[in-house]
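Visitor: just the structure for this:
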Amino acid sequence: MSRRSLHPSARSSARAGSSMAVASMLCVQLGLAASVGLAGQVGAAGTAWLRLFWAGVLLLVVVRPRPSSFSRETLRAGAALGVVTAGVTLLFMAAVTRLPLGTASALEFLGPLGVASTRSRGPARAWAALAGVGVLCLTQPWAGAVDPVGVGFALGAAGCWAAYILLTQRIGDAVSGVGGLAISMPVAAVVATVVAGPEVIGRLSPELLLAGLGLAILLPVVPFSLEMLALRRLSTGAFGTLMALEPGFALVIGFVALHQAPNPLAVAGVGFVVAAGIGAERSGARPDRPSGQAALEREDRGLDPVAQAELHQHPGDVGLHRRLADEQLGRDLGVRQPAAQ
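Guide: Numbers count the residues shown, from 1 in each chain. This next block holds a predicted model:
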């Protein structure tokens, strides 16, 4: 889809979705940087478990999802999203214990790159290919040794990341606000507890628990909420391409905060992924977004009764639905919405 064929509201939606995706990636990188000290005490897997555990608890307490608000299909999809959320986190942590970070990151990016390649059409596939080249330049996986088990872990993380993108969009379309995350994150917490919890629980202290609570807000609660909002506005292909910016953010943060100077190839990689991100934003609005009465029937779950009544008084007004859904998200997260001008 060319930029000219996009309605102005669709371009605006794509820009908003891209901004949310970028903000999400920044939160992820800041959360990872803030996790370094905690990882030194409970290990990488223990840190991941603490974040997922507290995220599940927080979303259950804040959102208080009503089972009657969800269909069986949505509950199954939410549970599957929880499993792959835990999978991408734990498998990547296992991969980086056996592989250089650049190699593990490049292999993991095969997940969103695969989504971008298979879900994009026409020129949009070129942006996905450019993003792949950029990630290779950034991570330079050829610089380190290869461990077959580590490769398996990284490829497993890639598969989980691809499934995460597809399931997040599906849940985001079916449930307003962050009700979908209130299903998936407790499931992710249970999976992480089974896998990593036994090795960590004995080493916990009140201080570590409190630190884990703070980190959970930065990663994953805020970025996952932003990604769900972004995927309501962007195609999965565009979103997968934008994910190539994440290693670029990591490089910039490493340079600014840790004084890690990148080599020329990595700098070129930043240029490639930025160009791919701009291209994805320009052509990334969702052409297949549900609209009209179908959208109302599928997407008003989770709105309060007053909002649902207003929505059904104006059938087909998808813009109204989007505003009400975003306001519901703010209420779910305890954010005060600005008054209408």
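
Visitor: make it CA atoms for all contacts and neighbour counts henceforth
Guide: Fine.

Visitor: how about the contacts made by the nearest residue to residue 96 once chain neighbours are set aside?
Guide: Spatial nearest neighbour of residue 96, chain neighbours left out: residue 104 (6.1 Å); criterion: C-alpha to C-alpha, 6 or more residues apart in numbering. If a contact means C-alpha atoms under 8 Å, 6 or more residues apart in numbering, then residue 104 has 92, 95-96, 141, 150-151, 154 as its contacts.

Visitor: which of the helices or strands spans residue 104?
Guide: Per DSSP states H and E: residue 104 is located in helix 101-108.

Visitor: show me the strands in the stretch 151-300 of the chain, by range?
Guide: Applying DSSP state E, counting those that start in this stretch to the stretch 151-300 of the chain gives no strands.

Visitor: mind listing the helices for it?
Guide: For the stretch 151-300 of the chain, the helices defined by DSSP state H, counting those that start in this stretch occupy 179-200, 206-216, 222-233, 236-242, 245-258, 264-283, 292-299.

Visitor: by mean pLDDT, which helix or strand of this structure comes out lowest?
Guide: Each helix and strand of the chain was given a mean pLDDT (mean pLDDT, DSSP states H and E); the minimum falls on helix 292-299 at a mean of 43.

Visitor: before we move on, the earlier item: just the buried ones from the contacts of residue 104?
Guide: Taking 16 or more other C-alpha atoms under 10 Å as the criterion, what is buried in the contacts of residue 104 is 92, 95-96, 141, 150-151, 154.

Visitor: the residues you listed: which two are farthest apart?
Guide: For the buried ones among the contacts of residue 104, the farthest-apart pair by C-alpha to C-alpha is 92 and 141; their separation is 15.0 Å.

Visitor: tell me the spacing between the nearest residue to residue 13 once chain neighbours are set aside and residue 173.
Guide: Excluding its sequence neighbours, the residue lying closest to residue 13 (C-alpha to C-alpha, 6+ apart) is residue 233, at 5.6 Å. Separation of residue 233 from residue 173 (C-alpha to C-alpha, to the nearest Å): 10 Å.

Visitor: residue contacts, the residue nearest to residue 219 when sequence neighbours are not counted?
Guide: Nearest non-adjacent residue to residue 219, counting by C-alpha to C-alpha, 6+ apart: residue 31, 5.3 Å away. Contact analysis of residue 31 by C-alpha under 8 Å, 6+ apart lists 215, 218-219.

Visitor: could you export those as JSON lines, including distance to residue 177?
Guide: Shown next, in JSON lines, are the contacts of residue 31 (distance: C-alpha to C-alpha, whole Å):
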{"residue": "215", "distance to residue 177": "22"}
{"residue": "218", "distance to residue 177": "18"}
{"residue": "219", "distance to residue 177": "18"}
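
Visitor: just the residues you listed now: which is nearest residue 124?
Guide: Checking those against residue 124 by C-alpha to C-alpha gives residue 219 as the nearest, at 29.7 Å.

Visitor: test for you: state the pLDDT assigned to that closest one.
Guide: pLDDT, residue 219: 93.
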